[in-house]
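> My questions concern the predicted model and sequence given below.
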Amino acid sequence: MHRRASPSAAQSGPAPDDLHDVHDVPDYDPRAFPPFAVTVDLAVFTVRSARLNVLLVERGEAPYRGDWALPGGFIRPDESAGAAARRELAEETGLSPHTVRDLHLEQLRTYSDPDRDPRMRVVSVAYAALLPDLPEPRGGGDAAEARWTAIADVSALAFDHDRILADARDRICAKFEYTCLATSFCPPEFTLGELQQIYETVWGVALDRPNFRRKVLATPGFVEPVDGPPRRTGGRGKPAALYRAGTASALHPPLLRPEGRQT
């Protein structure tokens, strides 16, 4: 609800210095409010051996000592959530500062259920990323171990990280619908069958080959044909045409997932 300005204020308006006059701020006692902490959690995905993998850490401290969780930790008073996410990712997984600095982390959502952490009230800002060619991690900080784990092999995670993981997977699956991200997981020159395999790996579905091919080739700027002879992909089939990533960054129209078939 907006307060109506008094006639004198409306006529003259506040002086610029008065807008930040500390003497106009009422007394504030932070002890009047219960304390709580803010953390970051990261769901980082990649494709390894034709399977969708997520980066997990084994907790080395209570609570949930020995359980697997998403990387993350507390935000320091002097850093932003984004800076904390990169710091924690480097500390807990051993990924190099260069690798962490170049990661595109997308803020997923905020998780604030009062009982999500047994230590105290903790609000978490979650991030998601799906990237190719990520190196092997190693444990560090308060993580005893770090590893890539196939999504199909993930069991119950600490805290509410099962929920965060599910939300993050939905986000990256959606990104495959309306961006050209899938081509970054292919070699510089690839067949449409290889591109389809990336979609099937991330979405967890089997796609109809002719329908997939038709949609890809009908999307402007998605892929471009490579000049030269086609490549034989094995077996007795005809040689497959080669393509490279096109100039588009978004898919118009989007390449939608088959409904109700994700595993």
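Structure received.
> residue ranges of the strands in the stretch 1-150 of the chain, please?
Secondary structure of the stretch 1-150 of the chain, counting by DSSP state E, counting those that start in this stretch: strands at 37-48, 51-59, 68-69, 72-74, 106-111, 122-130, 143-150.
> can you give me the strands in the stretch 151-263 of the chain?
223-225, 243-245.
> Residues contacting the last one, please?
Under the contact criterion C-beta atoms under 8 Å, 6 or more residues apart in numbering, strand 243-245 has outside partners 180, 183-184, 186, 188-192, 195, 223-226. Any C-beta I mention is one placed from the backbone N, CA and C, and that applies to glycine too.
> would you turn these into JSON lines with pLDDT?
Output for the contacts of strand 243-245, formatted as JSON lines (pLDDT from 0 to 100):
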{"residue": "180", "pLDDT": "96"}
{"residue": "183", "pLDDT": "96"}
{"residue": "184", "pLDDT": "95"}
{"residue": "186", "pLDDT": "95"}
{"residue": "188", "pLDDT": "95"}
{"residue": "189", "pLDDT": "95"}
{"residue": "190", "pLDDT": "96"}
{"residue": "191", "pLDDT": "95"}
{"residue": "192", "pLDDT": "97"}
{"residue": "195", "pLDDT": "97"}
{"residue": "223", "pLDDT": "98"}
{"residue": "224", "pLDDT": "97"}
{"residue": "225", "pLDDT": "96"}
{"residue": "226", "pLDDT": "95"}
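> With residue 94 as the reference, name the closest of the strands of the stretch 1-150 of the chain.
Of all the strands of the stretch 1-150 of the chain, strand 143-150 sits nearest to residue 94, with 6.6 Å by C-beta to C-beta.
> Might you calculate how far the closest one sits from the centre of the chain?
Relative to the mean C-alpha coordinate of its chain, strand 143-150 is positioned 17 Å out (C-alpha atoms, centre = their mean, to the nearest Å).
> Go through that strand and flag the buried ones.
143, 145, 146, 147, 148, 149 (16 or more other C-beta atoms under 10 Å).
> ditto for stretch 81-100
Buried residues in stretch 81-100 (16+ other C-beta under 10 Å): 81, 84-95, 99-100.
> How many residues are close by residue 48?
By the criterion of other C-beta atoms under 10 Å, residue 48 has 16 neighbours.
> do residue 78 as well
6.
> And for stretch 70-88, what's in contact with it?
Taking C-beta under 8 Å, 6+ apart as the rule, stretch 70-88 contacts 37-44, 54-57, 89, 91-93, 100-101, 103, 105, 107, 124-125, 127, 141-143, 146, 157, 161, 164-165.
> Please type out the ChimeraX selection for whichever of these turn out to be buried.
Typed into ChimeraX, the line below selects the buried ones among those, using 16+ other C-beta under 10 Å:
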select :39,40,41,42,43,44,54,55,56,57,89,91,92,93,100,103,105,124,125,127,141,143,146,157,161,164,165
